[in-house]
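1. What follows is a predicted protein model with its sequence.
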Amino acid sequence: MKTYDITLLLSSELTEEQANTTFQEQLSSLQEQGGILHKQEIKGKRRLAYPVKKQRNAHLAQVSVSCSPEAIQTTRDTIKNHAHVLRFLVAVANRPDPAPRARRESPKETPRERVEIADIDKKLEEIFKEA
């Protein structure tokens, strides 16, 4: 089973309660197909950067779920045909690699020798006398 992140933009014509009900319907269909919900939240009504299906606002809902690819395909088809879903995104969640990679050590710098200004002046005088 893979872990997927699903994001939905629900119509702004819905009330908070209706948006929550629509979202829960989608989640229940996922659970019926053997999906395991990890994280779910409705982030509320948001203003969109550009109109989607002639709407400037939408309810944003996100869920993280582990399920089979067949179940996610069925869910995509269900979401696509739902009248109140403006846009949706289903993405495979990238989880960190369980075995950490060995880090390369950065080369250590050698400590620099401190030079006094008087020594620099002497060196400059020697250089200009030779020229």
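-> Looks like it came in fine.
2. Report the beta-bridge partner residues of residue 67.
-> Beta-bridge partners for residue 67, by DSSP bridges, are residue 2.
3. Next: residue 87.
-> Those that pair with residue 87 in a beta bridge, by DSSP bridges, are residue 9.
4. residue contacts, it?
-> Counting by Cβ atoms under 8 Å, 6 or more residues apart in numbering, residue 87 touches 8, 9, 52, 58. Where you see a C-beta, it was placed from the backbone N, CA and C, and this is true even at glycine.
5. Report the separation between it and residue 123.
-> 70 Å (Cβ to Cβ, to the nearest Å).
6. now residue 37
-> From residue 37 across to residue 123, the span is 73 Å (Cβ to Cβ).
7. Who has more neighbours out of the two?
-> residue 37 (14 against 11; other Cβ atoms under 10 Å).
8. quick one: the strands in the protein?
-> Applying DSSP state E to the chain gives strands spanning 2-11, 36-52, 55-67, 85-92.
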